[in-house]
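Engineer: I'd like to go over a predicted model; first the sequence, then the structure.
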Amino acid sequence: MSLIERVRHSAEWRTEAARDRVARGRAYAERQLIARARAPKPPTSRILCYHTVGMPKMGLNDVSLQRIRRQLEMARIAGYRFVPASELVAEPTDPAPGDRRLALTFDDGFRSILTTVEPLLRELDIPWTAFIVSGFADGKKGHEDFLDWDEVAGLAERGVTIASHSVTHPNFATLSPGQVVDELEQSRTALRDKLGIETTEFAIPFGQSKDWPEVARKAATEAGYTTVYAQSMERRPAGTVPRTFVTRFDDDRVFRAALGGAFDRWEEWY
């Protein structure tokens, strides 16, 4: 690496680190304020979105093992039963009053979903979905924080639902129409070729309402996806399925508020 390249890399790293600090501070303040300001509501069925467990360097989206275990215990105490995300997509209205359902999803394919999440959820007999970035599984990210295809295949063999999360994890709002098509089609093809899985589920990278233009919606349908997951209930793009994001700042009060819909308008900021 040349001197110029090292300087550029250092500057990019500092910029990214600064943005991450700002995002963490903003998320902490927003989630604490919302949880305090809104009157508690009864918990409702929903799909949760996690990223990493026990990987503190991942920042805002990392949750400790102790905390996620506590959250799952709280959910069961509140009367939830855990179901695959596809069940809530197919039947979003609860079949009976008080029949609360919760689905778990994990984005990006980080190593902790194999080393930490899978043993925990197998112990608790909880179904879950992993959204995989195919380029990361190919090794194109350049480090070992992500699972390779053999490891993803191992999760599938253990009953984990594997679905698509693009090739490179881009912001779809910044892509050309051709790039949109490539990200959607190639990631789906990779799951078929590497794992023999014909997924029809896709999770939008970043998942904010502004990150999913109309050209992406049409391309997703043409690529064979029937379910596209986003973020907040009230601000998600038309035709997408909402998920409730869980952050490292979600203590008992914040998590309880999330189950009651306090963050149904909240979107994680970058």
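Structural biologist: Perfect, I can see it now.

Engineer: how close does residue 104 get to residue 117?
Structural biologist: In this view, residue 104 and residue 117 are 9 Å apart by CB to CB, to the nearest Å. The way it works is simple: take the backbone N, C-alpha and C, and place the C-beta from them, glycine included.

Engineer: residues bridging contact with those two, i.e. touching both?
Structural biologist: Common neighbours of residue 104 and residue 117 (criterion: CB atoms under 8 Å, 6 or more residues apart in numbering): 50, 128.

Engineer: Tell me the spacing between residue 145 and residue 136.
Structural biologist: Residue 145 sits 8 Å away from residue 136, taking CB to CB as the criterion.

Engineer: who has more neighbours, these two?
Structural biologist: Regarding residue 145 and residue 136, a neighbour count based on other CB atoms under 10 Å identifies residue 136 as having more, with 24 against 16.

Engineer: Are we agreed that residue 22 is in a helix?
Structural biologist: Yes - with DSSP: H, G, I helix; E, B strand; the rest coil as the criterion, residue 22 is assigned to a helix.

Engineer: That one: neighbour count?
Structural biologist: Neighbour count of residue 22, defined by other CB under 10 Å: 12.

Engineer: what's near enough to touch it?
Structural biologist: Going by CB under 8 Å, 6+ apart, residue 22 touches no other residue.

Engineer: Contacts only, for residue 197.
Structural biologist: Applying CB under 8 Å, 6+ apart to residue 197 gives the contacts 156, 162, 191.

Engineer: Of these, which belong to strands?
Structural biologist: Where the contacts of residue 197 overlap with strands, as defined by DSSP state E, the overlap consists of residue 162.

Engineer: Could you dump the contacts of residue 197 into CSV and include pLDDT and neighbour count?
Structural biologist: CSV is the format used below for the contacts of residue 197 (pLDDT from 0 to 100; neighbours: other CB atoms under 10 Å):
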residue, pLDDT, neighbour count
156, 98, 16
162, 98, 19
191, 98, 21
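
Engineer: For residue 71, state which of the contacts of residue 197 is nearest.
Structural biologist: For residue 71, the nearest member of the contacts of residue 197 is residue 162. The distance, counting by CB to CB, is 23.1 Å.

Engineer: what's the first-to-last distance across stretch 39-46?
Structural biologist: The separation between the terminal residues of stretch 39-46, taken as CA to CA, to the nearest Å, is 19 Å.

Engineer: Show me how far that stretch is from its chain's centre.
Structural biologist: 21 Å (CA atoms, centre = their mean, to the nearest Å).

Engineer: List the buried residues of that stretch.
Structural biologist: Within stretch 39-46, the residues scored as buried using 16 or more other CB atoms under 10 Å are 43-46.

Engineer: And stretch 165-180, by the same measure?
Structural biologist: Residues 165-170, 172, 175, 180 are the ones in stretch 165-180 that count as buried (16+ other CB under 10 Å).

Engineer: So which of those sit within helices?
Structural biologist: In helices, defined here by DSSP state H, the members of the buried residues of stretch 165-180 are residue 180.

Engineer: Which member of the buried residues of stretch 165-180 is positioned nearest residue 62?
Structural biologist: Closest approach between those and residue 62, by CB to CB: residue 169, at 16.5 Å.

Engineer: and that closest one, what is it in contact with?
Structural biologist: Residues touching residue 169, when contacts are defined by CB under 8 Å, 6+ apart, comprise 108, 133, 135-136, 205.

Engineer: Residue 246 too?
Structural biologist: Contact partners of residue 246, counting by CB under 8 Å, 6+ apart, are 48-50, 63, 68, 71, 255, 258.

Engineer: rerun that using 7 Å as the cut-off
Structural biologist: Going by CB atoms under 7 Å, 6 or more residues apart in numbering, residue 246 touches 48-50, 63.

Engineer: cool, and residue 81?
Structural biologist: Counting by CB under 7 Å, 6+ apart, residue 81 touches residue 101.

Engineer: low-confidence ranges in the chain?
Structural biologist: Along the chain, the parts satisfying pLDDT under 70 run over 1-20, 142, 269-270.
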